[in-house]
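**Q** Any chance you can model this:
(one chain, ligands or ions: 1)
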Amino acid sequence: MKIEELLCLGNKVIHKDQTKLLLSTLLNMNPLELSLHLDEIVDSEITTKFQECLNSLKNGEPLQYALKNSNFYGLDFYVDKRVLIPRFETEELVNNTINYLQKYFSKNIKVLDLGTGSGCIGLTLKYLNNDLDITLSDISNEALEVAHINQEKLGLDVKIVYSDLLDNIEDKFDCLISNPPYISYDDKEITDLVLNNEPHQALFADNDGLEYYDKILCKCEKYLNDKYLIAFEIGYNQEEKILNLINKHLKDVKVLTKKDMAGLPRMVFIFKNIEINE
Ligand code: GLN
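**A** Okay, the predicted model is just below:
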């Protein structure tokens, strides 16, 4: 079929801008190029993929699951329903963390990405600094399968460990980074697109969404060196409660909260035995 015909087909099912975005992604073109090549014949493999994606989108699936791809920090990650779709806020968590690691640590830096899902955090850190010693862990074996696919796809050397939080972790780390599930079960703002598609195990947490921060903070020092950095993504309304949890579990630490691009406090960094100068 021609590009023009596929666009027509798509426009009957989804919004025309979405059709363009979908087809241009599949063809590795930008939307303008599409418009300039309307008569070009699309090969049958991509035509089939396009039709499959249309069906998924029609059934209310997110575009990233339909494409089996999500761009994170400029890298292409394989994603499907087994894992959370990486979010833009999480790119900021990675960006700040890589800067802190480079600024405050020297060599043989060991990092644990707890609740790795697709592997986007730990694998991106490894991509940015190949000297880091990275372990990815998750309680979901299905998620670890996806993390493994991404490890192979990106050709990065990391360890992948099954663990219920820290239970199976044997090493000691310089940095623990996590974007744990933090949505409270009674959250009213969550959209149907998220609720009906993404794994609930990766989204929700008890205790007003604080369950996993509490559990991690309670046990983490056993798995960390004397000097450490903990980097958490948090819900936009959780800053104060998380600061209280940090006070409850950790002594002599310095804590920095950072706002994301939307101006919301979405990242917490905990430093132990580090002279921070920000
Ligand atoms: N670490 C993954 C991410 O940030 C998965 C997070 C999760 O499943 N809660 O996308």
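**Q** Apart from its chain neighbours, what residue comes closest to the residue of the stretch 101-250 of the chain found nearest the ligand?
**A** In the stretch 101-250 of the chain, no residue comes nearer to the ligand than Gly117, which is 2.6 Å away by CB to the nearest ligand atom. Backbone N, C-alpha and C define where each C-beta goes, glycine included. Nearest non-adjacent residue to Gly117, counting by CB to CB, 6 or more residues apart in numbering: Val83, 4.4 Å away.
**Q** quick check, Asp17 in a strand?
**A** No: read with DSSP: H, G, I helix; E, B strand; the rest coil, Asp17 is helix and lies in no strand.
**Q** so who does it touch?
**A** Neighbour list for Asp17: empty [criterion: CB atoms under 8 Å, 6 or more residues apart in numbering].
**Q** what about it, distance to the ligand?
**A** Distance, Asp17 to the ligand, using CB to the nearest ligand atom, to the nearest Å: 26 Å.
**Q** coming back round to it: list the contacts of the residue of the stretch 101-250 of the chain closest to the ligand.
**A** Val83, Leu84, Pro86, Asp138, Ser140, Ala143, Val146, Ala147, Asn179, Ala202 are the contacts of Gly117 under CB under 8 Å, 6+ apart.
**Q** I'd like the residues you listed as TSV, with neighbour count appended.
**A** Formatted as TSV, those follow (neighbours: other CB atoms under 10 Å):
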residue	neighbour count
Val83	29
Leu84	22
Pro86	24
Asp138	27
Ser140	19
Ala143	24
Val146	24
Ala147	28
Asn179	26
Ala202	21
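**Q** ok, which stretches of this structure are helices?
**A** Secondary structure of the chain (DSSP state H): helices located at 3-11, 16-27, 31-36, 44-58, 63-67, 88-104, 120-128, 141-154, 192-195, 200-203, 206-209, 211-219, 239-249.
**Q** got CSV for those, with mean pLDDT too?
**A** Shown next, in CSV, are the helices of the chain (pLDDT from 0 to 100):
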stretch, mean pLDDT
helix 3-11, 96
helix 16-27, 91
helix 31-36, 91
helix 44-58, 94
helix 63-67, 92
helix 88-104, 97
helix 120-128, 98
helix 141-154, 98
helix 192-195, 94
helix 200-203, 98
helix 206-209, 97
helix 211-219, 98
helix 239-249, 98
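**Q** Val79 is nearest to which of the ones you listed?
**A** Val79 lies closest, by CB to CB, to one member of those: helix 63-67, at 5.4 Å.
**Q** Write out the residues of this protein neighbouring the ligand.
**A** 84, 86, 90, 115-118, 120-121, 179-181, 202 (CB under 6 Å from any ligand atom).
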